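**Student:** requesting a structural model of the entry that follows:
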Amino acid sequence: MQRSDEMTLGLYLSHSGYHEGAWLDPGVPTNAGSDIDRYAHLAALAERAAFHFVFLADHQGVINDRAAAARISRNYQSEPISLLSALSARTRDIGLIATASTTYNQPYHIARMFASLDHLSEGRAAWNIVTSASDSEAQNFGEEKLLGHDVRYARAREFVEVAKGLWDSWEDDAFIRDKESGVYADTTKMHLLDHQGHYFSVKGPLNVARPPQGYPVLVQAGASEAGISFAAEVGEVVFTAEPSLENGKRYYATLKEQARGFGRDEDQTLVMPGILPIVGATKQEAAEKLRRLQSYTHLDVLIGQAQLWLGSVIDLRSVDLDSLVPETLPQTNFIQSRQKLLLDLAARQKFTWKQLIRSVSDSRGHLMVVGTPSEIVNTMVDVFNNRAADGFNVLPSTVPGGLNDFVELVVPELRRRGKFRSGYLSGYTLRENLGLKRPPNQFISS
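**Tutor:** The predicted structure follows:
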């Protein structure tokens, strides 16, 4: 399949915005995280602009230290599958991506919930597969420490295979619901998984019909060595963080090559880095918006977030913040690729600790573009045309303000340049809107 000339766009759906100071902006209500009408309004803005999906991140716990946790709003948010189930009734075309961990869930639970969401939304569900990354999550599930990095990925591989097998429990036409004969399901079209693996033992079948999409779209964000391999094997949408064009091109080429090695069509795995656009009529106006957000951000948040994303391997409250960031730190069991990305960024820019913690607060390692609509589109088109992305996950600094700016000012310019669509394939599933194939049932001979 040939790569499209049009990019895919997703919205990172946050109740306040991606910048750490967003919830303190006067335009953001303080109860945003528990207001379904607000979430529905944001999803509607993205849907009217023909975004391919909304994306909900998640952690199963409060993952910052106490000082930072007192001031960071993103720690406190609704569970994604519950929220997107509600939004499925308030939207019509836009895809719905929920994050769920393979480390602190069971395959039957996840397969059943995502199959249900896919039915409720008429084929718009997607699963962002994560392995969890924090000891604070482990301690909510009877463990003191998080499983090792490679063990988490090995478990995730088996988890996904079990989920796929459960989604294939029933053939597409198995539920005949015939009142005359009294037969609801044709059990000759039922397939028991009978999985006995290293991490899971699951008999099946799933007690939900096969999802409309066959499987919900599978989303991944691996960027470590193990993570890239996993993303290349199972990911259909791959969410990355990369502010460097050259590094982004290398990641894109590596992922596509590994996908081919797994026997996959490289165009069936879409690389979508995050982009944080701060839009102004002039570059100066955009810079002032960023400066205002930075003024809201407390030092405890700056230090706490940098400490977390560097892997909690250094106490930043005890270092000289005016000193240069070292080239290396102890390896983390958190997100190893993000630690490396931030250290590489600091090395390229010759950052002091003070400069790095400010950068983490602003974008957490994602590509941030501060400027006019034309400048933002120039960057997006450059990344897209240089094959460092198939599209972008848009991370508005604030919502609805930053999202409105992108929809009203940036999207029309993307369309003028022929780089973004004007509407949905009406009535189609998320897979079809993304150009992804519907997977066959593994239990049926071709």
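**Student:** burial check on residue 57, number of neighbours?
**Tutor:** As a burial measure, residue 57 scores 17 neighbours (other CB atoms under 10 Å). Backbone N, C-alpha and C define where each C-beta goes, glycine included.
**Student:** and the closest residue to it other than its chain neighbours, how close does it get to residue 221?
**Tutor:** Of all residues beyond its chain neighbours, the one nearest residue 57 is residue 99 (5.4 Å), with distances taken as CB to CB, 6 or more residues apart in numbering. With distances defined as CB to CB, to the nearest Å, the gap from residue 99 to residue 221 amounts to 9 Å.
**Student:** those two - which one has more neighbours?
**Tutor:** Regarding residue 99 and residue 221, a neighbour count based on other CB under 10 Å identifies residue 221 as having more, with 25 against 20.
**Student:** what about stretch 173-189, average pLDDT?
**Tutor:** The pLDDT scores in stretch 173-189 average 96.
**Student:** for it, which positions count as buried?
**Tutor:** Of the residues in stretch 173-189, those buried under the neighbour-count criterion (16 or more other CB atoms under 10 Å) are 174-175, 189.
**Student:** kindly export that stretch (C-alpha atoms) in PDB.
**Tutor:** Included here for stretch 173-189 are C-alpha records, laid out as PDB according to Å, rounded to 0.1, in the frame of the first residue of the first chain:
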ATOM      1  CA  ASP A 173     -21.600 -14.200  11.700                       C
ATOM      2  CA  ALA A 174     -21.800 -16.400  14.800                       C
ATOM      3  CA  PHE A 175     -24.500 -14.400  16.600                       C
ATOM      4  CA  ILE A 176     -27.600 -15.300  14.600                       C
ATOM      5  CA  ARG A 177     -30.200 -14.200  17.200                       C
ATOM      6  CA  ASP A 178     -33.000 -16.200  15.600                       C
ATOM      7  CA  LYS A 179     -36.200 -15.900  17.600                       C
ATOM      8  CA  GLU A 180     -38.000 -18.500  15.500                       C
ATOM      9  CA  SER A 181     -35.500 -21.300  16.300                       C
ATOM     10  CA  GLY A 182     -34.600 -19.900  19.700                       C
ATOM     11  CA  VAL A 183     -30.900 -20.000  18.700                       C
ATOM     12  CA  TYR A 184     -28.900 -17.000  19.800                       C
ATOM     13  CA  ALA A 185     -25.400 -18.000  18.900                       C
ATOM     14  CA  ASP A 186     -24.100 -20.600  16.500                       C
ATOM     15  CA  THR A 187     -21.600 -22.500  18.700                       C
ATOM     16  CA  THR A 188     -20.100 -24.300  15.700                       C
ATOM     17  CA  LYS A 189     -18.600 -20.900  15.000                       C
END
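**Student:** follow-up on the earlier one: next, show the common contact partners of residue 99 and residue 221.
**Tutor:** The contact sets of residue 99 and residue 221 overlap at 128, 130 (CB atoms under 8 Å, 6 or more residues apart in numbering).
**Student:** who's in contact with residue 193?
**Tutor:** Residue 193 makes contact with 162, 165-166, 169, 202-205, according to CB under 8 Å, 6+ apart.
**Student:** state the next helix or strand along the chain beyond the lengthiest helix in the chain.
**Tutor:** For the chain, the helix with the greatest residue count under DSSP state H is helix 149-167. Tracing the chain past helix 149-167, the next element assigned as helix or strand by DSSP states H and E is strand 195-196.
**Student:** what does that following strand contact?
**Tutor:** Judged by CB under 8 Å, 6+ apart, the contacts made with strand 195-196 from elsewhere in the structure are 161-162, 165, 201-204.
**Student:** mind telling me what element residue 276 is part of?
**Tutor:** strand 270-279.
**Student:** in that strand, what counts as buried?
**Tutor:** With the criterion 16+ other CB under 10 Å, strand 270-279 contains buried residues 270-279.
**Student:** name the strands paired with it and say parallel or antiparallel.
**Tutor:** Pairing partners of strand 270-279, with direction, according to DSSP bridges: strand 237-240 (parallel), strand 367-371 (parallel), strand 391-394 (parallel).
**Student:** quick revisit: go through the contacts of strand 195-196 and name the one nearest residue 132.
**Tutor:** When these are compared for distance to residue 132 (CB to CB), residue 162 comes out closest, at 17.5 Å.
**Student:** I'd assumed residue 107 was in contact with that closest one.
**Tutor:** Yes - when contacts are counted by CB atoms under 8 Å, residue 162 is listed as touching residue 107 (3.9 Å).
**Student:** show me where pLDDT drops low in the chain?
**Tutor:** Along the chain, the parts satisfying pLDDT under 70 run over 1-2, 32, 63-76, 333, 446.
**Student:** how about residue 99, what does it touch?
**Tutor:** If you count contacts by CB under 8 Å, 6+ apart, then residue 99 has 56-58, 80, 128, 130 around it.
**Student:** let's see that with 10 Å instead.
**Tutor:** For residue 99, the residues meeting the contact criterion (CB atoms under 10 Å, 6 or more residues apart in numbering) are 55-60, 79-81, 127-130, 219, 221, 239.
**Student:** could you do residue 279 as well?
**Tutor:** 285-286, 289, 369-373, 375-376, 396-397, 401-402, 404-406, 408-410.
**Student:** can you say which of those are buried?
**Tutor:** 286, 289, 369-373, 375-376, 396-397, 401-402, 404-406, 409-410.
**Student:** those residues in helices, which ones?
**Tutor:** Secondary structure assignment (DSSP H) places 286, 289, 373, 375-376, 401-402, 404-405 from the buried ones among the contacts of residue 279 within helices.
**Student:** make a markdown table out of the buried residues of stretch 173-189 and add distance to residue 21.
**Tutor:** Listed next are these as a markdown table, based on distance: CB to CB, whole Å:
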| residue | distance to residue 21 |
| --- | --- |
| 174 | 52 |
| 175 | 50 |
| 189 | 54 |
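**Student:** what's the spacing between residue 7 and residue 292?
**Tutor:** As for residue 7, its distance to residue 292 is 29 Å (criterion: CB to CB).
**Student:** and these two? Which one has more around it.
**Tutor:** Each of residue 7 and residue 292 has its neighbours counted (other CB under 10 Å); residue 7 has more, 21 against 15.
**Student:** was I right to think the more buried one contacts residue 411?
**Tutor:** No - with contact taken as CB atoms under 10 Å, residue 7 and residue 411 are classed as non-touching, separated by 11.1 Å.
**Student:** what's the overlap in contacts for the two?
**Tutor:** Joint contacts of residue 7 and residue 411 (CB under 10 Å, 6+ apart) are 419-420.
**Student:** contact partners for residue 211?
**Tutor:** Residues touching residue 211, when contacts are defined by CB under 10 Å, 6+ apart, comprise 111, 114-119, 121, 123, 125, 167-168, 172, 429, 438-439.
**Student:** over to residue 268?
**Tutor:** Under the criterion of CB under 10 Å, 6+ apart, the contact partners of residue 268 comprise 1, 235-236, 259, 431, 434-437, 439.
**Student:** adding neighbour count and distance to residue 417, write these out as a markdown table.
**Tutor:** Rendered in a markdown table, the data for the contacts of residue 268 read as follows (neighbours: other CB atoms under 10 Å; distance: CB to CB, whole Å):
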| residue | neighbour count | distance to residue 417 |
| --- | --- | --- |
| 1 | 10 | 23 |
| 235 | 27 | 28 |
| 236 | 24 | 26 |
| 259 | 24 | 28 |
| 431 | 23 | 26 |
| 434 | 23 | 21 |
| 435 | 18 | 20 |
| 436 | 23 | 25 |
| 437 | 13 | 28 |
| 439 | 17 | 34 |
